[in-house]
Each structure stands twice: as C-alpha cells, then as structure tokens.
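Asks: Provided below for reference: sequence and predicted model.
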Amino acid sequence: MTLQAEERQPISPETGRPPVTPAAVGHSPLGRILLGVSLVLIAFNLRPVFSSASALLPEIRTGYGLSPLGATVLTTLPVVCLGAFSPFAAKLAQRIGTERVLLGVLFLLALGTAMRGLSSSTLLFLGTALAGACIAIGNVLLPGLVKRDFSDRAALMTGCYTMALCAGAAGAAGFSVPLEGLFGGSLEATLAIWALPAFIVGLLWLPQAIGGRSQARRSSVQVIGLWRDPVAWQVTLFMGLQSALAYCVFGWMVPILRERGLDGVTAGAIVSVSVMVQAVSCLAAPHIAVRGKDQRLINVVLCGFAVVGLLGLLFAPLWGVWFWAVLQGMGQGGLIAVVMTVIVLRSRDAHVASHLSGMAQCVGYLLAAIGPLVVGLIRDWTGGFAWCAVLFVLLGCGAAFNGWLAGRRLHVEAKVVAAQK
C-alpha cells in the first residue's frame with residue numbers, strides 16, 4: 001500500500017475540479033529540491049530552545065537565581081506556548097501567505113532565542129515564550145507545506161524534516177555544555193548562540209518569502225466540522241500524549257542523568273545520542289507506516305519502545321545507559337514521524353492537513369505541557385525522579401490507545417468550503 005493509494009483526490013470548492021497543486025506545476029526539479037532543503041533547515045531550528053535549556057538547567061538555576069518552581073516553569077513554558085499559539089498559524093498563512101509567515105517565524109525565533117542571553121530572568125522567560133510561539137506556528141505550517149508541495153513524496157519529506165527536528169534537538173543537547181566551556185563559562189553566550197542558525201536560515205528563506213508565488217498561494221477556503229470529528233480527536237490525543245513523553249526527555253532527561261551521578265557533558269552526550277537515533281528513526285518510520293494496510297501496529301510498538309527506554313534510563317544500571325538511550329530514541333523518533341505522517345494520511349487535502357495540524361498541535365501541546373510540569377512537581381515533592389515512572393507508563397498507554405485508533409485507514413470528515421467574502 002502506497003501513500004498515494006491511500007489518499008483520495010480532493011475537489012476544489014472554487015472550481016468543482018481537482019486542484020492543481022504547486023507540486024505539480026511551477027516548480028522545476030531543482031526548485032523543488034531547494035524548497036525541500038529549505039523546509040528541512042527551518043525544521044532544524046524548531047527544537048534547540050528546548051534541549052539547550054535542559055542541558056544547562058542546573059547552571060541556569062544558579063546563574064539566574066531560579067527556584068525549583070521557576071525551573072519547572074521554564075521547562076514547561078515553551079510547550080504551553082506551542083499549544084496556545086498553534087491556532088493562529090493557519091489564519092496567518094491564509095492572510096499573508098505561508099512563506100511570509102515562516103520568514104517572520106525565523107527572525108522572531110532568532111530574537112527570542114537571543115533574549116535568553118541578556119542576563120535577566122525576566123527576559124529569559126519572555127524570550128523563551130516568544131521562541132515557543134514562533135516554534136508553534138512553524139510546527140503547524142510544515143505538514144501543510146508537505147501536503148501541498150510534496151504530496152507525491154510525503155513520506156520522504158516527513159522523514160527528512162522530522163529528522164531535522166531531532167538533529168536540532170540533539171545538537172543543542174550535546175553541544176551546549178561544551179560551548180559554555182568554549183565561551184569561558186558564559187551561560188548567556190551559550191544560550192544566545194542558538195539564535196544564529198535561525199537568523200541564517202531566515203536570510204536563506206528570504207527570496208522564497210518575497211517572491212511573487214507567496215502572494216498567489218494565499219488560501220480563500222474554510223474547513224468545517226474538524227473539531228467535531230472523532231478521528232481528528234484521536235490524532236490530536238495521539239499527538240499530545242506522545243509529545244508529553246518527548247518533552248519530558250527534552251526538558252528533564254539531562255537533569256535526571258546528572259542526578260544519577262553522570263557529569264553534565266556525559267549526560268548531554270547520552271541525550272544527544274538518543275535524539276540522533278530519533279533522527280534515523282524519523283527517516284525509516286514513515287516509509288514503514290505507509291507500506292502497511294494501516295498504521296495501528298507501528299504506532300503501538302513505537303510507544304512501547306519509547307516508554308521502556310525511558311524506564312531504563314531512569315532505573316537501569318548506568319553501564320547500560322547507552323542501550324536504553326538508543327531504544328528510547330528509536331521509539332520517540334518514530335513516534336514524532338508517524339504522528340506527522342498520520343496527520344497527512346488522515347487528511348483529504350492540504351487545507352484539511354493544515355487545520356488538522358493546527359488542532360493536533362494546539363490541544364496536543366497544551367496536553368503535552370503536563371509531562372514536563374508533572375516531572376518537575378514530582379521532583380519537588382519527592383526529592384527524586386523515581387515516581388516519574390508512573391507518569392511515563394500512563395502517558396505511553398494513553399498514546400498507544402489513541403495511536404491504535406488514529407492509525408486506522410480512515411479520513412477526517414471535514415468539509416472544505418469557500419470562505420465568506
């Protein structure tokens with residue numbers, strides 16, 4: 001079973017005929033390659049904010065004078081912003097064009113990331129919130145762009161950009177502590193340096209954003225009935241619960257390993273390896289997912305890998321910690337990729353994909369914020385991380401249940417209609 005066979009050709013509400021997408025016309029082979037590379041580079045910048053703060057959390061608490069509650073809020077805040085700002089993505093794209101929205105996302109993301117390095121706890125939180133809002137919008141728009149411009153290569157592109165998400169997270173987790181040493185112990189410079197890649201990619205994206213095609217790609221349709229559709233809610237809960245596991249890793253795994261006795265560089269390297277394995281898993285999982293009759297089995301198996309790996313990192317002897325990191329990376333990376341693939345597969349066209357992505361990430365990330373928040377509260381209440389195992393198992397079971405339902409070969413029954421003038 002191929003991805004193309006599972007999707008049905010949508011009917012345009014404006015013309016009554018199947019639409020001609022930009023993937024079919026207007027893009028030369030080289031143009032499509034450049035567009036695909038650009039999307040991958042954008043995705044790379046959507047995770048360093050999380051893992052760079054996690055790797056340096058003990059130093060941030062000391063340097064900025066944060067209480068345990070303040071540290072918990074810092075790890076939770078960007079995930080809350082992912083949910084709170086996701087609903088604005090589709091509306092902004094319809095109003096000013098997807099390419100221009102992404103341009104603004106990149107430059108504001110660079111600004112928010114840089115604000116974290118200005119020696120002010122207030123600016124630390126404000127910059128983190130701004131970066132989280134920008135990441136939310138970028139997260140929502142990427143699946144719609146894949147559906148619109150790469151519908152014939154959706155599995156490949158989904159794997160590539162989710163791999164880039166993981167690579168960005170892994171790079172920030174693995175290099176933040178060594179960079180602090182390189183910068184002479186400057187925590188501020190280490191936090192701010194991750195603004196540079198976003199700024200550079202913004203400059204590279206500028207020609208795409210200001211080109212004439214951006215204006216032509218604005219949408220004049222509405223999607224009706226999405227929030228009442230049970231399949232849409234199953235995709236959303238699958239998204240949220242697996243994301244809660246992911247952000248527990250991004251936000252707290254380095255502190256967990258450091259508390260178990262590992263030094264900061266080694267703990268960051270272990271998490272970096274885990275996330276790099278996620279990148280490899282991201283490439284493989286979509287191709288496996290679209291070749292089966294549905295995605296139920298792979299969704300459940302990947303949930304099992306992710307949870308068992310987390311439990312191993314939490315309790316197993318430290319000599320085996322690398323094995324558990326690899327297993328967790330296989331599961332979590334595969335989950336990230338298959339969730340994005342499921343959003344595309346359950347949608348009949350790019351409009352539904354964009355709105356389903358917005359719904360899944362709005363509700364899903366607000367739900368996902370519970371994960372790192374509860375981990376921090378458990379640490380404060382019990383003085384350790386052992387009871388987090390209960391949370392990880394509950395999240396994994398919930399993700400597996402909804403992943404089974406969302407993996408069925410169905411479509412979201414939402415209607416695409418012409419927008420009211």
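Replies: Great, that's in hand.
Asks: Only C-alpha atoms from now on, for both contacts and neighbour counts.
Replies: Noted.
Asks: Show the contacting residues for S274.
Replies: Going by Cα atoms under 8 Å, 6 or more residues apart in numbering, S274 touches A170, A325, V326, L327, Q328, G329, M330.
Asks: Output those in a markdown table; the columns should cover distance to V254 and secondary structure.
Replies: Converted to a markdown table, these look like this (distance: Cα to Cα, whole Å; DSSP: H, G, I helix; E, B strand; the rest coil):
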| residue | distance to V254 | secondary structure |
| --- | --- | --- |
| A170 | 12 | helix |
| A325 | 12 | helix |
| V326 | 15 | helix |
| L327 | 16 | helix |
| Q328 | 14 | helix |
| G329 | 14 | helix |
| M330 | 18 | helix |
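Asks: Which pair of those residues spans the longest distance?
Replies: A170 and L327 (15.3 Å; Cα to Cα).
Asks: Tell me the spacing between A246 and M253.
Replies: 10 Å (Cα to Cα, to the nearest Å).
Asks: List buried residues within the contacts of S274.
Replies: For these, burial is judged from neighbour counts taken by 16 or more other Cα atoms under 10 Å, and it is met by A170, A325, V326, L327, Q328, G329, M330.
Asks: what ranges do the helices span in the stretch 101-250 of the chain?
Replies: Remark: helices assigned in the stretch 101-250 of the chain by DSSP state H, counting those that start in this stretch are 121-149, 154-182, 187-192, 195-210, 212-216, 230-259.
Asks: Return the residues in contact with the most centrally placed residue in the chain.
Replies: Nearest to the mean C-alpha position of the chain, by Cα atoms, centre = their mean, lies N139 at 6.0 Å. Going by Cα under 8 Å, 6+ apart, N139 touches A43, L46, S86, Q361.
Asks: rerun at 10 Å
Replies: Residues near N139 by Cα atoms under 10 Å, 6 or more residues apart in numbering: I42, A43, L46, L82, S86, A89, A133, L165, M340, S357, G358, Q361.
Asks: ditto for P48
Replies: Contacts for P48 (Cα under 10 Å, 6+ apart) come out as 54, 113, 165-173, 176, 191, 194-195, 197-198, 250.
Asks: Repeat the analysis, applying 8 Å as the threshold.
Replies: G168, A169, A170, G171, A172, A173, W194.
Asks: what's it sitting at in phi/psi?
Replies: Dihedral angles of P48 (phi, psi; degrees, to the nearest 10) stand at phi -60, psi -30.
Asks: quick one: low-confidence parts of the protein?
Replies: Across the chain, the ranges flagged by pLDDT under 70 are 1-28, 147, 154-155, 211-221, 416-421.
Asks: Let me see the ranges of the strands in it.
Replies: For the chain, strands defined by DSSP state E occupy the ranges 221-224, 415-418.
Asks: From the contact counts, what lies against the first one?
Replies: Read that as strand 221-224. Here strand 221-224 touches helix 350-368, strand 415-418, going by 3 or more Cα pairs under 8 Å, 6 or more residues apart in numbering; DSSP states H and E.
Asks: give me the number of residues near L30?
Replies: Using other Cα atoms under 10 Å, L30 is surrounded by 9 other residues.
Asks: If you could redo that for I137, that was the one I meant.
Replies: 28.
Asks: I figured V271 was touching G171, is that so?
Replies: No. With contact defined as Cα atoms under 8 Å, V271 does not reach G171; the gap is 9.9 Å.
Asks: Quick check on those two: which one has the bigger neighbour count.
Replies: In this view V271 and G171 are compared by other Cα under 10 Å, and V271 has more residues nearby, 28 against 23.
Asks: Okay, the more buried one and M253: tell me how far apart.
Replies: From V271 across to M253, the span is 7 Å (Cα to Cα).
Asks: just G132 next, same as before
Replies: Computed as Cα to Cα, the G132 to M253 distance reads 20 Å.
Asks: who has more neighbours, those two?
Replies: Just comparing G132 and M253: by other Cα under 10 Å the higher neighbour count belongs to G132, 28 against 23.
Asks: So the more buried one versus W322, what's the distance?
Replies: Taking Cα to Cα, one finds G132 at 30 Å from W322.
Asks: do the same with F199
Replies: 34 Å.
Asks: Check L57 too.
Replies: 22 Å.
Asks: Double-check A209 against V105; I have them as touching.
Replies: No. Here A209 does not reach V105: they are 11.5 Å apart, not a contact under Cα under 8 Å.
Asks: What sits closest to L77 if chain neighbours are left out?
Replies: A129 (6.4 Å; Cα to Cα, 6 or more residues apart in numbering).
Asks: ok, how many other residues are close to the one you found?
Replies: Using other Cα under 10 Å: A129 sits among 22 other residues.
Asks: One more: R61?
Replies: Counted with other Cα under 10 Å, the neighbours of R61 add up to 16.
Asks: Appreciated, that's everything.
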